[in-house]
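Participant: Attaching a predicted model along with its sequence, questions to come.
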Amino acid sequence: MFNTTDFIFTSETTPDVTTDLSECAGQVEKLIGLADAVNVTDSPNCKSRLNSLLVASEIKRKGLDVILQLTGRDRNQIALESVLLGALSVGINKVLCLSGDQPDENGPAVVNEFNGNGLIELCEIISGGTLSDGTEIKKPLPLYSGAADDLYTQISKPEALKKLVTKIEQGASFIQTQYCFDYDVIKKYSDKLNDQGSFNDCKVIIGMGPLKSAKQGDWMRKNLWGVNISDEILLRMEESQSPAETGEKICQELIEKIMGLPCIDGVHLMGPSCEKSSASIISYFK
């Protein structure tokens, strides 16, 4: 994925509350042979799910590359290092490093020993062949870490770019952004990264997703951090006779416009149960 000059297409899957590993991993079947990789989320919204590394391992076995999402919210250093060793042992070498959604005051206890930056540094240490305490790893393997970013924060806050560059200096190999459906915002983001000049060796992947309805889009922008969806898009969805198809079309149109922008290397298609719709969008370009 990191060696290609082609436009990158990744998608996402969220493990279910189930003991059926085969069915859970089977959600990505339509993405095999189309997507460059699929993200496996790590208990989003602070809700317990089937273990993401187990699901990721089964997906990898099916022949689809995996980006394992990993949060510092639930695990201490020992547990995180064990997960990363486990990922490498089954051929998963890409990790999106996140601080993680935080529960409310009445929610489960959190660890938060590592935030996203700390996880990037931890991946760099393990990629160098040791654990944090210097213990040598037998048969070490390279580990590619990724960082999350928000285009709207980058445009509105000048200091945000410095923080992003710091993540790259710490070892991040790719950037995956929050949702954006606005070409002008993506263009400004592209120009800002290009002017800065630190992103030639880092893949930048823009987040968007196939909306299924105006109601879904409205809920997402009101309840999920980093989700920006315009009234114009929601009106288009609301007036459509086939809103799910319109949601896919909106993504296709935007992808076509951003494919030639500097420092924009691909798109990440995400959202609830998005696997089938993501495959449809990607197949349009393949």
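Facilitator: Cool, the structure landed. Residues are numbered from 1 along each chain as shown.

Participant: correct me, but T71 touches C46?
Facilitator: No - using Cβ atoms under 8 Å, T71 is not in contact with C46, being 9.6 Å away. C-beta here means a position set from N, CA and C on the backbone, and glycine is covered the same way.

Participant: Pick out whichever of these two has more residues nearby.
Facilitator: T71 (27 against 16; other Cβ atoms under 10 Å).

Participant: Just give me the neighbour total for the residue lying closest to the more buried one once chain neighbours are set aside.
Facilitator: In space, T71 comes closest to G100 once its chain neighbours are excluded; the distance is 2.9 Å by Cβ to Cβ, 6 or more residues apart in numbering. Number of residues near G100 (other Cβ under 10 Å) recorded here: 24.

Participant: sec struct for G100, please.
Facilitator: Under DSSP: H, G, I helix; E, B strand; the rest coil, the three-state class of G100 is coil.

Participant: on that earlier part again, shared neighbours of T71 and C46, anything?
Facilitator: Between them, T71 and C46 share these contacting residues under Cβ atoms under 8 Å, 6 or more residues apart in numbering: 100-101.

Participant: what residues are up against the residue nearest to T71?
Facilitator: 42-43, 46, 71-74.

Participant: Repeat the analysis, applying 10 Å as the threshold.
Facilitator: With contact taken as Cβ atoms under 10 Å, 6 or more residues apart in numbering, G100 is in contact with 42-46, 69-75, 110-112, 114-116, 119.

Participant: taking the residues you listed one by one, which sit in strands?
Facilitator: Members of the contacts of G100 lying in strands (criterion: DSSP state E): 69-71.

Participant: I'd like to know which of the residues you listed is nearest to N228.
Facilitator: Q69 (20.8 Å; Cβ to Cβ).

Participant: so how far is E12 from the closest one?
Facilitator: Relative to E12, Q69 is positioned 9 Å away (Cβ to Cβ, to the nearest Å).

Participant: same check, this time on E253
Facilitator: E253 is 20 Å from E12, by Cβ to Cβ.

Participant: For those two, work out which one has more neighbours and name it.
Facilitator: Per other Cβ under 10 Å, whichever of E253 and E12 has more neighbours is E12, with 26 against 11.

Participant: Phi first, then psi, for that one.
Facilitator: Backbone torsions of E12, given as degrees, to the nearest 10, read phi -150, psi 150.

Participant: State whether it and V28 are indeed in contact, as I suppose.
Facilitator: Yes - with contacts counted by Cβ atoms under 10 Å, E12 reaches V28, the gap being 9.4 Å.

Participant: what is in contact with these two at once?
Facilitator: What both E12 and V28 touch, as defined by Cβ under 10 Å, 6+ apart, is the set 35, 38, 40, 275, 278.

Participant: Contact partners for the residue nearest the centre of the chain?
Facilitator: The geometric centre of the chain, computed from its C-alpha atoms, lies nearest to Q176 (Cα atoms, centre = their mean), at 5.3 Å. Contact analysis of Q176 by Cβ under 10 Å, 6+ apart lists 10, 12, 39, 67, 69, 96, 98, 146-149, 203-207, 266-268, 270.

Participant: Also G129?
Facilitator: Here G129 is in contact with 135-142 (Cβ under 10 Å, 6+ apart).

Participant: May I see those organised as JSON lines, with distance to Q170 and neighbour count added?
Facilitator: Listed next are those as JSON lines, based on distance: Cβ to Cβ, whole Å; neighbours: other Cβ atoms under 10 Å:
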{"residue": "T135", "distance to Q170": "21", "neighbour count": "10"}
{"residue": "E136", "distance to Q170": "22", "neighbour count": "8"}
{"residue": "I137", "distance to Q170": "19", "neighbour count": "17"}
{"residue": "K138", "distance to Q170": "25", "neighbour count": "7"}
{"residue": "K139", "distance to Q170": "25", "neighbour count": "7"}
{"residue": "P140", "distance to Q170": "19", "neighbour count": "14"}
{"residue": "L141", "distance to Q170": "19", "neighbour count": "14"}
{"residue": "P142", "distance to Q170": "16", "neighbour count": "12"}
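
Participant: which one of these sits closest to L88?
Facilitator: Nearest to L88 among those is L141, at 4.7 Å by Cβ to Cβ.

Participant: Under a three-state scheme, what state does that closest one occupy?
Facilitator: Here L141 is recorded as coil under three-state DSSP.

Participant: Can you tell me how far the closest residue to it other than its chain neighbours is from D133?
Facilitator: Computed as Cβ to Cβ, 6+ apart, the closest residue to L141 that is not its neighbour in sequence is L88, at 4.7 Å. Remark: distance between L88 and D133 (Cβ to Cβ) = 18 Å.
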